[in-house]
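In: Any chance you could fold what I've pasted below:
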Amino acid sequence: MLIAQLTDLHIGAGRRLAYRKVDTASALERAVERVNTMVPKPDMVLFTGDIGDLGTVEEYALVQDILRGLTVPFYMIPGNHDQRGPLRAAFPDAIPVAEGMDYINYVLDAGPIRLIGLDSLDEGRPEGMLCCDRLDWLERTLNDGDNRPCVLFVHHPPVEVGIRHMDEQRLLTGAKTLAQIVSARKERIQAILCGHVHRPIHTRWAGVPLIVAPSIAHQVALDLREDGPSAFAMEPPAMHLHRWDEEQHCLLTHLAYVEHYDGPYPFFDKNGKLIV
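Out: Just a heads-up that it's a prediction; the model follows:
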């Protein structure tokens, strides 16, 4: 099972540049091309939030148009720049929530593992929240008798990463309860996948790996000063590739750049001799 995680698209209506600088629509087009040409090709794509920049119908219509070229199934959860109603209306097949569900929480059957999406959006606020209803749903889902390994994916990470302006808008409400739920099932939960921070970050939280993916467009500036300003940098766009290894019974995560770079070149010549 190979899963591509793309996050923080920030698509603007009419191909508007994000922050008057970033051509996010073209960035998504390049990411789609990259996924389509991978060998082996991912089994699915998870979009972990901030699909749009303002969460408008027009933005999601542009995303729809670009994603028509994606040749693998894809699924979405919202980020703080999204709006649930327009997002669900635009992508009903990519957001398979149960009928009557107010939030975008759902489960994907990924063969040997389960993928559990969590909606951390607090509409109108940059920080994340998991209310009692969403956490109760997660508790019930983890207690439904399916004991396969599972991976959680949610937009906001629940940890401070040292980038001050992003730490102020991490998952706040519900983080402690989520930690209790995860810690009690740390043998089954293989990882928590997040977006939001626009940087590749890896740590351990509540006893499980927590993996934050970079953006496929622009990255948040790596500034660990206490008074570091809110800023972004045009560092290489990238995605995460999560590979479930059934033999080793583990999730392996690779960083994959969107752009094409020179290579690959062989280490050995046609006679098997190391090239020096």
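In: list the contacts for Glu168?
Out: Glu127 (C-beta atoms under 8 Å, 6 or more residues apart in numbering). Using the backbone N, CA and C atoms, a C-beta is placed for each residue, glycine as well.
In: ranges for the helices of the chain?
Out: Shown for the chain, the helices assigned by DSSP state H span residues 24-36, 57-67, 84-90, 132-142, 164-167, 175-183.
In: what's next to the fifth one, contact-wise?
Out: Applying C-beta under 8 Å, 6+ apart, the external contacts of helix 164-167 come out as Glu160, Val161, His196, Val197, Val220, Arg225, Glu226, Asp227, Gly228, Pro229, Ser230.
In: From what I see, the third one and Val212 are in contact.
Out: Yes - under the contact definition of C-beta atoms under 8 Å, His196 touches Val212, with a separation of 7.3 Å.
In: Arg84 versus Lys21, what's the distance?
Out: Using C-beta to C-beta, to the nearest Å, one obtains 28 Å as the distance from Lys21 to Arg84.
In: quick one: which of these two has more around it?
Out: Each of Lys21 and Arg84 had its neighbours counted (other C-beta atoms under 10 Å), and the higher figure belongs to Arg84 (17 against 10).
In: For Leu46, see how far away that one is.
Out: Counting by C-beta to C-beta, the separation of Arg84 from Leu46 is 18 Å.
In: Show the model's pLDDT score for Gly100.
Out: At Gly100, the model reports a pLDDT of 87.
In: count of residues packed around it?
Out: As a burial measure, the neighbour count of Gly100 was computed by other C-beta under 10 Å and equals 5.
In: For Trp137, see how far away it is.
Out: Applying C-beta to C-beta, the value for Gly100 to Trp137 is 12 Å.
In: got a list of what the nearest residue to Pro86 once chain neighbours are set aside touches?
Out: With C-beta to C-beta, 6 or more residues apart in numbering as the criterion, Pro86 has its nearest non-adjacent residue at 5.0 Å, and that residue is Val57. If a contact means C-beta under 8 Å, 6+ apart, then Val57 has Pro86, Ala89, Ala90 as its contacts.
In: Swap in 10 Å and give it another go.
Out: For Val57, the set of contacting residues under the criterion of C-beta atoms under 10 Å, 6 or more residues apart in numbering consists of Ala13, Gln83, Gly85, Pro86, Leu87, Ala89, Ala90.
In: again with Gln64
Out: When the contact criterion is C-beta under 10 Å, 6+ apart, the partners of Gln64 are Ala90, Phe91, Ala94.
In: so where's the stretch 51-200 of the chain uncertain?
Out: Along the stretch 51-200 of the chain, the model assigns pLDDT under 70 to no residue.
In: Can you get me a residue count around Gln5?
Out: If we define neighbours as other C-beta under 10 Å, then Gln5 has 25 of them.
In: got it, and Ile3?
Out: In terms of burial, Ile3 registers 25 neighbours under the definition other C-beta under 10 Å.
In: Could you do the one 4 residues further on as well?
Out: Under the neighbour criterion other C-beta under 10 Å, Thr7 is assigned a count of 29.
In: How about the one 5 residues further on?
Out: The burial count assigned to Gly12 is 21, neighbours taken as other C-beta under 10 Å.
In: That one - nearest residue in space that isn't next to it in sequence?
Out: Once flanking residues are discounted, Gly12 sits nearest to Asp53: 4.9 Å by C-beta to C-beta, 6+ apart.
In: isn't the one you found right up against Gly14?
Out: No - counting by C-beta atoms under 10 Å, Asp53 sits too far from Gly14 to count as a contact (11.4 Å).
In: between these two, who's got more neighbours?
Out: Shown here are Asp53 and Gly14; by other C-beta under 10 Å, Asp53 has more neighbours (21 against 8).
In: Quick one: end-to-end length of stretch 115-126, please.
Out: As for stretch 115-126, its first-to-last residue distance stands at 25 Å under the measure C-alpha to C-alpha, to the nearest Å.
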